[in-house]
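> when you get a sec, could you give me coordinates for this:
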Amino acid sequence: MSARILFVTGTNTEVGKTVATAAVASAALRAGSRVAVLKPGQTGLAAGEPGDVDDVRRLAGALTTRELARYPEPLAPNTAARRAGLPPVSPAEVVTAVTELAATHDLVLVEGAGGLLVHFDDEGRTLADQARAVIGAGLAAEVLLVASAGLGTLNIVSLTAEALRARELPLAGVVVGSWPQLPGLAERCNLADLPRSAGAPLLGALPERAGAAADFAALAAASLAPELGGTWDARAFARTHEPVAGQAVS
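Residues are numbered from 1 along each chain as shown. Below is the predicted model of the structure:
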């Protein structure tokens, strides 16, 4: 059986992409799968500091992690690489790493940096180009989009979905990276609108501060749809939070 390969991208920075990656990894580990997480380019950290793959391992448990490049300044990978005088990450390097990991794992998660079209080199190549290169190498790959919950997210989700379609990259679905404890009207309405904007299903909603949960494995399973190894029901969740027409929601 071939490995499932998921490129995890966000609508922006700080939308819960790393925690979402950890949640998907945790659910897969709980099901007995062999999981690997690849970070093509880590920015904003010096050598020796714990990065995103370390956070995923801390939350999810025993899995394989790999980081291809690290740049000290918290910038887009191509800018950070150029300023540090270090080589950028090429799609070919990602293909090699994914191919190696897919040979010995059931699930390979590739966590991007920021959004889908953030540049990794001065030629403007992006996470989308890395995913296309993996598919071009004969491996099946999908994209998982981590989105914010509130006002403004529908436009970015629509733009990202359109960019994926233009590149013939399959979108597995959308996960809300940080569902607020007290959702407002926009958040509640977005539960119905996000799948329409994405043209793909809503596959989970992680509560805010999920990374601090005492039992992250249980929370991950309860916050992800069966397609990602959990028990979360998108329709039931939307019904629970559906606002009554004409009624103000604080």
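
> flag the shaky bits of this protein, pLDDT-wise.
Scanning the chain for pLDDT under 70 picks out 1, 245-250.

> strands along that one, start to end?
Listed in chain order, the strands of the chain (DSSP state E) span 4-10, 35-43, 64-71, 107-115, 141-147, 171-179, 202-207.

> could the ones you listed go into a markdown table alongside mean neighbour count and distance to Thr99?
For glycine as for every other residue, the C-beta is placed from the backbone atoms N, C-alpha and C. Listed next are those as a markdown table, based on neighbours: other Cβ atoms under 10 Å; distance: least, Cβ to Cβ, whole Å:
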| stretch | mean neighbour count | distance to Thr99 |
| --- | --- | --- |
| strand 4-10 | 24 | 10 |
| strand 35-43 | 24 | 11 |
| strand 64-71 | 19 | 12 |
| strand 107-115 | 26 | 9 |
| strand 141-147 | 26 | 11 |
| strand 171-179 | 24 | 20 |
| strand 202-207 | 24 | 26 |
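
> between these, which one is nearest to Arg58?
strand 64-71 (10.6 Å; Cβ to Cβ).

> alpha carbons of that closest one, in CSV - could you do that?
Provided in CSV are the C-alpha atoms of strand 64-71 (Å, rounded to 0.1, in the frame of the first residue of the first chain):
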residue,chain,number,x,y,z
THR,A,64,9.9,10.6,11.9
THR,A,65,10.8,14.2,11.3
ARG,A,66,13.0,15.9,8.8
GLU,A,67,13.9,19.6,8.2
LEU,A,68,15.6,20.4,4.9
ALA,A,69,16.8,24.0,5.6
ARG,A,70,16.8,26.5,8.4
TYR,A,71,17.1,30.3,8.1
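
> now the angle between strand 35-43 and it, please.
Interaxial angle, strand 64-71 versus strand 35-43 (axes from the mean of the first three to the mean of the last three Cα atoms, to 10 degrees): 10 degrees.

> chain center to strand 64-71: distance?
16 Å (Cα atoms, centre = their mean, to the nearest Å).

> so what are the sheet partners of that strand and their directions?
strand 35-43 (parallel) (DSSP bridges).

> quick one: the strand it pairs with to strand 107-115, angle?
Using the same axes, to 10 degrees: strand 35-43 against strand 107-115 is 20 degrees.

> mind listing the helices in this protein by residue range?
Ranges of helices within the chain are 17-30, 52-60, 77-84, 91-102, 127-136, 153-166, 185-198, 216-223, 234-241, based on DSSP state H.

> what packs against the first one?
In terms of contacts (3 or more Cβ pairs under 8 Å, 6 or more residues apart in numbering; DSSP states H and E), helix 17-30 is packed against strand 4-10, strand 35-43, helix 52-60, strand 107-115, strand 141-147, strand 171-179, strand 202-207, helix 216-223.

> could you list the residues in contact with it?
Outside of helix 17-30, the residues within contact range by Cβ atoms under 8 Å, 6 or more residues apart in numbering are 6, 8-10, 35, 37, 52, 55-56, 59-63, 106-107, 109, 111-112, 144, 146, 175, 177-178, 204, 206, 210-211, 216-217, 219-221, 223-224, 228-230.

> hmm, try it at 7 Å
The contact list for helix 17-30 (Cβ atoms under 7 Å, 6 or more residues apart in numbering) reads 6, 8, 10, 35, 37, 52, 55-56, 59-61, 63, 106-107, 109, 111, 146, 175, 177, 206, 210-211, 216-217, 220-221, 223-224, 228-230.
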